[in-house]
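A.B. asks: Sequence first, predicted coordinates after that:
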Amino acid sequence: MNAELRNRLAAAGLALAVPLIVYFEGTKTVAYLDPVAIPTICRGHTGGVKLGQTATMDECDEMTAKDLLKANQAINSCILVPLNEHQRSAFASFAFNAGGSAFCGSTMARKLNAGDYTGACNELPRWIYAQGTVLPGLVKRRAAEQSLCLGKTP
């Protein structure tokens, strides 16, 4: 990821989310179907993706940054309490993956707004299902997000 994108993400308090997303999403420059059959490219980007589509690494970096900033906007729209960098990055990784509306409508967001930071972080491991099936990758991702959220190194 180029320095400009890293700086934009760092300024938003999201620098710690990038390694999580890169690790758990992987990078695929040719579009594929995700576990629930949504056309996806790069690091979990789904907007307007068509199977067979390709992207460069620079395009993947730009998509990742835009998607992460969009996840952060969702957090800003519904969370009324301050978040530290660990918490923001963990919740942004979650919202990047599950969607901003899922985050904002969750018990996690309700607990955050009530000031229950630990309770909110402890909600992350509940989000391990895709179409009713536990996905081992989500189990690992949510555990890493929870550790980060609680201020521990994932």
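C.D. replies: Yep, that arrived. Residues are numbered from 1 along each chain as shown.

A.B. asks: Check which residues of the strand ranked longest in the chain are buried.
C.D. replies: Longest strand in the chain, counting residues (DSSP state E): strand 28-33. Residues of strand 28-33 classed as buried: 28, 31 (neighbour count, 16 or more other CB atoms under 10 Å). C-betas here are computed from N, CA, C, even on glycine.

A.B. asks: which other helices and strands contact the helix or strand just after that strand?
C.D. replies: Note on strand 28-33: by DSSP states H and E, the next helix or strand toward the C-terminus is strand 39-42. In terms of contacts (3 or more CB pairs under 8 Å, 6 or more residues apart in numbering; DSSP states H and E), strand 39-42 is packed against strand 28-33, helix 57-78.

A.B. asks: If I take the longest strand of the chain and helix 57-78, what angle do their directions form?
C.D. replies: 60 degrees (axes from the mean of the first three to the mean of the last three CA atoms, to 10 degrees).

A.B. asks: still on that earlier bit, same list (the helices and strands packed on strand 39-42) but as JSON lines, adding distance to L150.
C.D. replies: Compiled in JSON lines, the helices and strands packed on strand 39-42 are given as follows (distance: least, CB to CB, whole Å):
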{"stretch": "strand 28-33", "distance to L150": "30"}
{"stretch": "helix 57-78", "distance to L150": "17"}
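
A.B. asks: where's the most centrally placed residue in the chain relative to G48, distance?
C.D. replies: Of all residues in the chain, the one closest to the mean position by CA atoms, centre = their mean is S93, 2.2 Å from it. Going from S93 to G48 by CB to CB, to the nearest Å gives 22 Å.

A.B. asks: do the same with P35
C.D. replies: Taken as CB to CB, the span from P35 to G48 is 20 Å.
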